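Undergrad: Below is the sequence, then the predicted model.
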Amino acid sequence: MRKPLLAVVFVLLLGSAFAQKNDVALTGGGYFEVTDPLNLGAAWALEGSYARRLAGVPLISISAELPVAGSFSSSIPTLSGFNIATSYNSLFITPGIRVRLAPSFFLSPYLAAGIGYGHFNKTLISGTTTSNGAMAFDIGGGLDMKILPHISLRGEIRDFNSGGLDLPSVVSTVATGRQNNLFVTAGVAVRF
């Protein structure tokens, strides 16, 4: 009787060690183009992410993650009344690594970084659209608050550093060729 009971306990412990390796989240909030002091480029933002735990111990876990974030109808700054485009949308896909502290506790903070692709669609004054893409990298962090065993509320701040909009009216892209795209979002995460 003792050996079968130990075998069942071992299988349950082994199963719990492999449980909840996946994390899917959907968050929404605001997007801010913060590199250019003339414009905040504020707009609505939406982010979805998938992460799979690679390794972990009780107080820290490391996951591979794939965030996909987009913004909608950001304004474009002008200098001296010279206006080429009216707005733009952005999309960022930057696979990377997430390091989570205290993954099994009620509150669990994390840091994330990745490298990938950024894409901008611009709406010009004439009504036509143009687009360009560039390499992008991200760095960010967040906090999960468990509300049910497999569901958390998530708050996150993530900066996607990318190539610029390729417009002469944007001072930051002329000077540095890069721009910081800050996403501040909140939503729900599910672990399975």
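TA: Perfect, I can see it now. Residues are numbered from 1 along each chain as shown.

Undergrad: Can you find the helix or strand of this protein with the lowest average pLDDT?
TA: Ranked by mean pLDDT, DSSP states H and E, the weakest helix or strand in the chain is helix 171-176, scoring a mean of 45.

Undergrad: what is the rounded mean pLDDT of the following helix or strand past that helix?
TA: Under the assignment DSSP states H and E, the closest C-terminal helix or strand after helix 171-176 is strand 178-191. The pLDDT scores in strand 178-191 average 93.

Undergrad: Equivalent analysis for stretch 31-45, please.
TA: 72.

Undergrad: if I pick the most centrally placed residue in the chain, what's in contact with it?
TA: Centroid-nearest residue in the chain: Pro67, 4.8 Å away (criterion: C-alpha atoms, centre = their mean). Pro67 sits next to 47-49, 92-96, 112, 114, 138, 158 when contact means C-beta atoms under 8 Å, 6 or more residues apart in numbering. Quick note: C-beta positions are derived from backbone N, CA and C, even for glycine.

Undergrad: Would you give the sheet partners of whichever strand or helix holds it, along with the direction of each?
TA: According to DSSP H and E, Pro67 maps onto strand 60-75. Strand 60-75 has its sheet partners listed here by DSSP bridges as strand 43-57 (antiparallel), strand 85-93 (antiparallel), strand 96-101 (antiparallel).

Undergrad: buried stuff in the first one?
TA: With burial defined by 16 or more other C-beta atoms under 10 Å, the residues of strand 43-57 counted as buried are 43, 45-47, 49, 51, 53, 56.

Undergrad: Could you list the low-confidence segments of this structure?
TA: Along the chain, the model assigns pLDDT under 70 to residues 1-2, 4-19, 35-41, 76-85, 164-177.

Undergrad: Regarding it, what is its longest strand?
TA: If each strand of the chain is counted by residues according to DSSP state E, the longest one is strand 129-148.

Undergrad: what element comes up after that one heading to the C-terminus?
TA: Beyond strand 129-148 on the C-terminal side, the first helix or strand identified by DSSP H and E is strand 151-163.

Undergrad: In that next one, which residues are buried?
TA: 152, 154-156, 158-163.

Undergrad: helices and strands around the helix or strand harbouring Val24, which ones?
TA: In this assignment (DSSP H and E), Val24 forms part of strand 22-33. Judged by 3 or more C-beta pairs under 8 Å, 6 or more residues apart in numbering; DSSP states H and E, strand 22-33 is in contact with strand 43-57, strand 60-75, strand 151-163, strand 178-191.

Undergrad: Quick one: residues in contact with the first one.
TA: The set of residues external to strand 43-57 that reach it, using C-beta under 8 Å, 6+ apart, is 20-31, 61-75, 98, 103, 156, 158, 183-185, 187.

Undergrad: ok, 6 Å please
TA: 21-31, 61-74, 98, 183, 185 (C-beta atoms under 6 Å, 6 or more residues apart in numbering).
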